[in-house]
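Asker: I would like the atomic coordinates for the input below:
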Amino acid sequence: MLDKLMGFLSGERPDAETGSEEELKIAVAALLIEAGKMDERFDAGERRAIRDLLSQRFDLKSSELDQLMATAEARVEGSEQYYPFTQLICKRLSGSERVEIVEMLWRVVYSDGVLDTYEDALIRQVAALINVEDRDRAMARQRALAALEQER
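Answerer: Numbers count the residues shown, from 1 in each chain. Okay, the predicted model is just below:
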């Protein structure tokens with residue numbers, strides 16, 4: 001109890017506020033899944049893009065990816081708000097890391113070759129919630145498009 005009080009007074013955040021590393025992974029995965037589902041066509045290409053991005057970002061094995069995807073999909077189905085996910089990302093990640101998340105979102109929505117207006121609106125909203133400037137969002141979009149072009 002005294003340790004918690006001392007931590008609070010020294011500015012440390014309680015675990016519930018900052019979230020665990022696992023919760024951060026779930027939050028990122030949930031936003032990527034939401035982006036994939038935004039155009040109501042969550043296809044194998046988008047799912048593969050999400051798995052690849054999560055694997056690269058968090059250095060996950062296939063079994064860990066399966067579990068993360070299942071957990072994140074359940075969270076997406078059980079929530080109608082992005083705020084819990086974006087709040088955790090905003091608190092845990094640096095500005096450049098948050099821009100990387102926006103770039104990941106762009107890569108997911110462009111993985112099917114078409115940008116839907118709802119997908120664009122989602123990324124605009126998420127970027128605002130995680131304090132990513134419009135300029136950085138636009139640059140992340142260009143990097144995502146360039147990366148996807150190289151992959152093709």
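Asker: now do the residue most central in space within the chain against Ala44, distance only.
Answerer: Nearest residue to the geometric centre of the chain (C-alpha atoms, centre = their mean): Val28, 2.9 Å. Counting by C-beta to C-beta, to the nearest Å, the gap from Val28 to Ala44 is 20 Å. C-beta coordinates here come from the backbone N, C-alpha and C atoms, glycine included.
Asker: can you give me phi and psi for Leu93?
Answerer: phi -110, psi 150 (degrees, to the nearest 10).
Asker: same question, Ile101
Answerer: For Ile101, the backbone dihedrals (degrees, to the nearest 10) come out as phi -60, psi -40.
Asker: and the pLDDT for it?
Answerer: The model reports Ile101 with a pLDDT of 98.
Asker: what sits against it?
Answerer: Residues near Ile101 by C-beta atoms under 8 Å, 6 or more residues apart in numbering: 28, 31, 89, 93, 130.
Asker: one more time with 10 Å, if that's ok
Answerer: Ile101 makes contact with 27-28, 31-32, 53, 57, 86, 89-90, 93, 126-127, 130, 132, 140, according to C-beta atoms under 10 Å, 6 or more residues apart in numbering.
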